[in-house]
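Q: Using only what follows, build the 3D model:
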Amino acid sequence: ISKLVSFGYLYKMKKILCSFLLLLPLAAPIFSQSTSLFDDSSVSEIHLQLPADSLAYILDELVNDRYLRASFVFDDGNFRDSVANVGLRLRGNTSLFAQKKSFKISFNEFEPGREYQGVRKLNLRGQHNDPTMIREKLFYEVWEKADMPERRMAFVKLYINGQYRGLYTNAEEIDKIWLGKIYDDNDGNLYKCTWPADLAYLGSNQQTYKNILNNPETRAYDLTTNETEDDYARLVALITALNQPATAEFSQQISQILNVGGVLKAFAIDVATGNWDDYFYNKNNYYLYDNPETGRFEFITFDTDNTFGVDWVNRNWATRNCLAWQHTSEPRPLATKLLQVPAFRDQYARYLDTITRLITLPDSIFPRIDALHDLITPAAEADLF
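A: Residues are numbered from 1 along each chain as shown. Reported below is the predicted structural model:
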């Protein structure tokens, strides 16, 4: 009898388990034997395969607004993983017209929810502005050493349809997965802010800020999470607060809606690395994350290849006044208003002093530059693009 009871129990559990397993195909698989996608001690390989006419279409038409199907192989020298049915497109704006294209890979474009080594997208950046190929990677190492949120970046050799397309930096996507790794709550609004996102006050109407570029496909303040709600109320509240007089009340109010220390440290890192293609000078290349846990916005810098001496606007970034780095003939309320508050100005100066004495000091950073140079030289010398 006990055997029959046990058998009946097992049979019932088996039916429950089978019913559960039937649901599993609805959840996309998570791949990989390897965890080396962002291993920056070696140069891995990424191989992409897609129909020749699809590749020609991407390159000839500069397709950066839709993904085409491709297969993906990652080879770190020890493990070789294959993922079918990934999405591939060009990435960037000005980089679209460079001889060496940059690419974005999406693992979940055609299979929703799928991840590879814990990420859903990869940014393969050709670094066409940077003959050393290491500036963006170096910036994020400085960023992390200054105790800012880690953004992983490594080097890869890219092959498409068997052709070596050159050396690339593989940059971690800033998205909901990244937010969940950095913050305790990743359900907030994440705005990708690009030129001309100066945070100047344009009134209380949300739609005004959505329509700055007068382009239904592109926004200067582009909401990349919670897109269905499309709610800009908190962003408008931040902009409204920033455009109040810099009184004692202002410092208290802005500290309630913005992580002021994080912003000031990000500005200090920009100055210490000569990053001018940022909010501070060029109203460009930053994220704002409305963190539900703290009720304050976080500031995150991105696209940092125009650093460490690269210049396109005829300025000497090594000698520019570090207390007036911003574009003084244009509104930059996030910079000007914060630095008008003596306590914030002193905090910014302390950050800059610490970063330049301990992190970007030549004795500290030059050995790392040499190590990165040695790491990538074989792949870079073979890069005909």
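
Q: show me what contacts residue 38?
A: Neighbour list for residue 38: 152-154, 170, 172 [criterion: Cβ atoms under 8 Å, 6 or more residues apart in numbering]. All C-beta atoms are positioned from the backbone trio N, CA, C, and that covers glycine.

Q: any idea which of the residues you listed has the most stuff around it?
A: residue 170 (25 neighbours; other Cβ atoms under 10 Å).

Q: next one: phi and psi at that one?
A: Backbone torsions of residue 170, given as degrees, to the nearest 10, read phi -100, psi 100.

Q: That one and residue 121 touch, don't they?
A: No. Using Cβ atoms under 8 Å, residue 170 is not in contact with residue 121; the gap is 11.0 Å.

Q: Just the ones in helices from the contacts of residue 38, please.
A: Among these, no member is found in helices (DSSP state H).

Q: Dump stretch 191-209 to PDB, restricted to CA.
A: Extracted C-alpha coordinates of stretch 191-209, given in PDB (Å, rounded to 0.1, in the frame of the first residue of the first chain):
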ATOM      1  CA  TYR A 191      16.500  59.100 -20.300                       C
ATOM      2  CA  LYS A 192      19.300  59.000 -23.000                       C
ATOM      3  CA  CYS A 193      20.300  62.700 -23.400                       C
ATOM      4  CA  THR A 194      22.000  63.700 -26.600                       C
ATOM      5  CA  TRP A 195      22.600  67.000 -28.400                       C
ATOM      6  CA  PRO A 196      21.000  69.600 -27.800                       C
ATOM      7  CA  ALA A 197      19.900  68.300 -24.400                       C
ATOM      8  CA  ASP A 198      21.000  71.400 -22.400                       C
ATOM      9  CA  LEU A 199      18.300  71.100 -19.600                       C
ATOM     10  CA  ALA A 200      17.100  74.600 -20.300                       C
ATOM     11  CA  TYR A 201      13.600  75.400 -19.100                       C
ATOM     12  CA  LEU A 202      11.100  75.500 -22.000                       C
ATOM     13  CA  GLY A 203       7.900  75.600 -20.000                       C
ATOM     14  CA  SER A 204       5.800  73.000 -18.100                       C
ATOM     15  CA  ASN A 205       4.500  71.100 -21.100                       C
ATOM     16  CA  GLN A 206       6.100  67.600 -21.400                       C
ATOM     17  CA  GLN A 207       5.500  67.500 -25.200                       C
ATOM     18  CA  THR A 208       7.800  70.500 -25.700                       C
ATOM     19  CA  TYR A 209      10.800  68.500 -24.400                       C
END
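
Q: buried stuff in it?
A: 191-194, 197-201, 209 (16 or more other Cβ atoms under 10 Å).

Q: So which residues make contact with that stretch?
A: With Cβ under 8 Å, 6+ apart, stretch 191-209 has contacts from 93, 174, 212, 220-224, 231-233, 235-236, 238-240, 242-243, 279, 282-290, 330-334.

Q: And stretch 376-385, by the same measure?
A: Counting by Cβ under 8 Å, 6+ apart, residues outside stretch 376-385 touching it are 43, 99-100, 126, 133-134, 155, 157, 164-167.

Q: before we move on, what SS does the spatially most central residue of the chain have?
A: Central residue of the chain (Cα atoms, centre = their mean): residue 174, 4.0 Å from the mean position. Under DSSP: H, G, I helix; E, B strand; the rest coil, residue 174 falls in the coil class.

Q: Any stretches of the chain with poor pLDDT?
A: 1-34 (pLDDT under 70).

Q: again, only this time at 90
A: By pLDDT under 90, the low-scoring segments of the chain are 1-35, 92-96, 129, 215-218, 246-248, 327-328.

Q: pretty sure residue 341 is touching residue 253, no?
A: No. Residue 341 lies out of contact with residue 253 (Cβ under 8 Å); the separation is 11.3 Å.

Q: So for these two, which sits in the more crowded spot?
A: Neighbours were counted for residue 341 and for residue 253 using other Cβ under 10 Å; residue 341 has more, 19 against 14.

Q: what about the more buried one, distance to residue 198?
A: The gap separating residue 341 from residue 198 is 19 Å, by Cβ to Cβ, to the nearest Å.

Q: try residue 162
A: In terms of Cβ to Cβ, residue 162 sits 45 Å off from residue 198.

Q: residues touching the closest residue to residue 52 other than its chain neighbours, list them.
A: Residue nearest to residue 52 in three dimensions, not counting chain neighbours: residue 161, with 6.6 Å by Cβ to Cβ, 6 or more residues apart in numbering. Applying Cβ under 8 Å, 6+ apart, we find residue 161 in contact with 48-50, 52, 55.

Q: closest to residue 63 among these?
A: When the contacts of residue 161 are ranked by distance to residue 63 (Cβ to Cβ), residue 55 comes first, at 10.2 Å.
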